[in-house]
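A.B. asks: Coordinates for the following, if possible.
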Amino acid sequence: MKLCLALGKTQNELIRSLTSKELVEWMAYDRIEPFGEYRADLRSAIVATVVNNSQGGKAKVKDFIPTFEPPKKQTPEEMVALCGMYVKIKRGKA
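C.D. replies: Model prediction:
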């Protein structure tokens, strides 16, 4: 879903236009250089920390990051299964 938002496409558009190789590359890229709302929250937290501390506060960046349930870590097996499902969907839509 995050990739759909980043590329400005619906899930159906993404499935039709993205190869499984491209999907794996995007997944790898996201692990190296995350994008999306978490990254935006981090930037905002950095600014809030600087402003707070410039006024005599002693805040840390983590004090300003919203806390949500942490994302579930995917095992390599789950990633392979996900890619397999993607390929099946792609073949069914072709």
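
A.B. asks: helices and strands of the protein: which one bottoms out on pLDDT?
C.D. replies: helix 2-7 (a mean of 83; mean pLDDT, DSSP states H and E).

A.B. asks: what's the helix or strand following it packed up against?
C.D. replies: Following helix 2-7 in sequence order, the next helix or strand is helix 11-17 (DSSP states H and E). Here helix 11-17 touches helix 2-7, helix 76-93, going by 3 or more Cβ pairs under 8 Å, 6 or more residues apart in numbering; DSSP states H and E. All C-beta atoms are positioned from the backbone trio N, CA, C, and that covers glycine.

A.B. asks: Relative to residue 43, which of those helices is closest?
C.D. replies: helix 2-7 (15.8 Å; Cβ to Cβ).

A.B. asks: related to what we said a few turns ago, quickly compare the helices and strands packed on helix 11-17 and say which is most buried.
C.D. replies: Stretch with highest mean neighbour count among the helices and strands packed on helix 11-17: helix 2-7 (a mean of 14; mean count of other Cβ atoms under 10 Å).

A.B. asks: and it, what does it pack onto?
C.D. replies: Contacts defined by 3+ Cβ pairs under 8 Å, 6+ apart place helix 2-7 against helix 11-17, helix 20-32.

A.B. asks: One more pass at 10 Å, please.
C.D. replies: helix 11-17, helix 20-32, helix 37-54 (3 or more Cβ pairs under 10 Å, 6 or more residues apart in numbering; DSSP states H and E).
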